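> I need the structure of the sequence given here:
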Amino acid sequence: MSKRIAVIGAGAVGGYAGAHMAAAGHDVTLIDPWPEHVEQLKAHGMEIFGMTPQERMTVKVNAMHLTEVQNLAKQKPIDIAFISVKSYDTVWAATMIRQYLSASGCVVSMQNCINEERVAGVVGWGRTLGCIVTGGVGVDLYQPGHIRRGYAKRADITSFYVGEPSGKITKRSQEIAEIMSSIDASKATDNLWGERWTKLCVNGMRNGVSAATGMGGNARDNHAAVRRVCIQLGGESVRVGQKLGYKLGKVGALPFEILAKAMENDAESYAEIERLMTQGGAGQAERSDYQRPSMAQDMEKGRRTEIEFMNGFIASEGARVGVKAPTHEMLTRQVLRVERGEIPPRPENVLVNS
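Model prediction:
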């Protein structure tokens, strides 16, 4: 029997994933708080643009505004609820959908930061999974009902990792990964926490920097002083993750131990990381003129950023286990200042003593 799927937060990632699952024939309902977006979806469907003509499609979707969610009480219960809202909205989103879950229904955090504990606090650990969206899925909701992807699909890159908090690969995680394979390459993982922290290392060295400086990925990585800050951020987050006991992978295409040694001023390691970053081989630079990290997009749109759940979280976890992360503390402060309008976005914002 087909699973009933809900996506709470039909923005760039949630909308892109939900539309592709719907196009593959899955029973998907997109739920979002933006009225114009929802009305566009109801009237015209989701317009998807990719890097190739083959990725262009218009998908008829079942869309619902937050004020309409109570109508789910009259419908078949939800078997899989993907939460794809900002981290600060996790708890209310999980609370809202919890009452409409089937007896075996689960909630999957398909978010940038580490929110599984927040989800589990609402629905319980037995109903909680995580989904890591890798850097290959660079998408942008640039107007109601229109999403574009700025990275070409690659068969050799897994775009989605689905995992259980227990670290076991289960029939459930494999089934969800199979459903998500209709979007892009997906797999079940036995390393949810390691994959989560590795993605946090990537986001931690790029998102906040672009938000604070106003720089796109190419400009950021090719600015010597700003690049040094990115390397500091990456190395600090690696060392915190190692202290926490996580099994890390490559940070983009940057070997994590070489990145950490570069942060610690090992000359050979630093030269190698600089080479990878400036040659665009690190998976850091955006692949199109418009594509920018999600936090930079939030800043441009005047939205609250996730800086406290990203760099702020890395710094607080470091403090908890005795590993200093002063560059993350500095960046968190500076992004919040830009967010409040106290200073404009500019490279000088990150070139301060941490």
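> all strands for the stretch 151-300 of the chain, in order.
160-163, 186-189 (DSSP state E, counting those that start in this stretch).
> In CSV, list those along with mean neighbour count and distance to Leu254.
No exception for glycine: its C-beta is placed from N, CA and C like everyone else's. Shown next, in CSV, are those (neighbours: other C-beta atoms under 10 Å; distance: least, C-beta to C-beta, whole Å):
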stretch, mean neighbour count, distance to Leu254
strand 160-163, 26, 18
strand 186-189, 20, 20
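> where do the helices sit along the stretch 251-354 of the chain?
256-263, 267-278, 294-300, 311-321, 326-339 (DSSP state H, counting those that start in this stretch).
> Does Thr58 belong to a helix, a strand or coil?
strand (DSSP: H, G, I helix; E, B strand; the rest coil).
> Tell me which of the strands of the stretch 151-300 of the chain sits nearest to Arg196.
strand 160-163 (8.2 Å; C-beta to C-beta).
> Let's test this: mean pLDDT of stretch 305-323, rounded?
Here stretch 305-323 scores 98 as its mean pLDDT.
> hmm, I was thinking of stretch 132-142
88.
> ok, the nearest residue to Gly50 once chain neighbours are set aside - contacts?
Using C-beta to C-beta, 6 or more residues apart in numbering and skipping the chain neighbours, the partner closest in space to Gly50 is Arg149 (4.7 Å). The contact partners of Arg149, taken as C-beta atoms under 8 Å, 6 or more residues apart in numbering, are Tyr16, Ile48, Phe49, Gly50, Met51, Glu55, Val137, Gly138, Val139.
> Next, the contact list for the second one, please.
Which is Ile48. Per C-beta under 8 Å, 6+ apart, neighbours of Ile48: Tyr16, Ala19, His20, Glu55, Arg56, Met57, Thr58, Val59, Ile147, Arg148, Arg149.
> And those, which two are furthest apart?
Taking C-beta to C-beta, no two of the contacts of Ile48 sit farther apart than Thr58 and Arg149, at 14.8 Å.
> what packs against the longest strand anywhere in the chain?
When the chain is parsed with DSSP state E, its longest strand is strand 101-109. If contacts are counted by 3 or more C-beta pairs under 8 Å, 6 or more residues apart in numbering; DSSP states H and E, strand 101-109 sits against strand 78-83, helix 90-98, helix 116-123, strand 128-133.
> Name the surrounding residues that touch the longest one.
Same thing as helix 90-98. 6, 8-9, 31, 66, 69, 78, 81, 83, 85, 107, 109, 111, 115, 118-119, 121-123.
> about what we covered before: in CSV: the helices and strands packed on strand 101-109, plus mean neighbour count and distance to Val209.
Shown next, in CSV, are these (neighbours: other C-beta under 10 Å; distance: least, C-beta to C-beta, whole Å):
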stretch, mean neighbour count, distance to Val209
strand 78-83, 26, 26
helix 90-98, 19, 24
helix 116-123, 19, 25
strand 128-133, 24, 20
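> Just send the ones you listed back as JSON lines, with distance to Val238 too.
Below are these laid out as JSON lines (distance: least, C-beta to C-beta, whole Å):
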{"stretch": "strand 78-83", "distance to Val238": "27"}
{"stretch": "helix 90-98", "distance to Val238": "25"}
{"stretch": "helix 116-123", "distance to Val238": "21"}
{"stretch": "strand 128-133", "distance to Val238": "17"}
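> Which one, of these, ends up nearest to Gly217?
strand 128-133 (16.8 Å).
> next SSE after the closest one?
strand 139-143 (DSSP states H and E).
> and after that next one, which helix or strand comes next?
strand 146-149.
> what's the model's confidence in that following strand, averaged?
pLDDT averaged over strand 146-149 gives 94.
> if I look at the closest residue to Ser210 other than its chain neighbours, how far off is Ser159?
Distances taken as C-beta to C-beta, 6+ apart place Ala296 nearest to Ser210, at 4.0 Å, with adjacent residues excluded. Distance, Ala296 to Ser159, using C-beta to C-beta, to the nearest Å: 21 Å.
> of these two, who's got more company?
Neighbour count, other C-beta atoms under 10 Å: between Ala296 and Ser159, Ala296 has more, with 26 against 21.
> ok, that one touching Ala211?
Yes - between Ala296 and Ala211 there is a contact at 5.0 Å, judged by C-beta atoms under 8 Å.
> care to break the chain down by domain?
Using automatic domain parsing, the domain ranges for the chain come out as 4-190, 198-350.
> Mean pLDDT lowest where, among the ones you listed?
Sorting the domains of the chain by mean pLDDT places domain 198-350 lowest, at a mean of 91.
> distance between the ends of that domain?
22 Å (C-alpha to C-alpha, to the nearest Å).
> Make TSV out of the helices of the stretch 251-354 of the chain and add distance to Lys243.
Listed next are these as TSV, based on distance: least, C-beta to C-beta, whole Å:
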stretch	distance to Lys243
helix 256-263	11
helix 267-278	19
helix 294-300	25
helix 311-321	5
helix 326-339	14
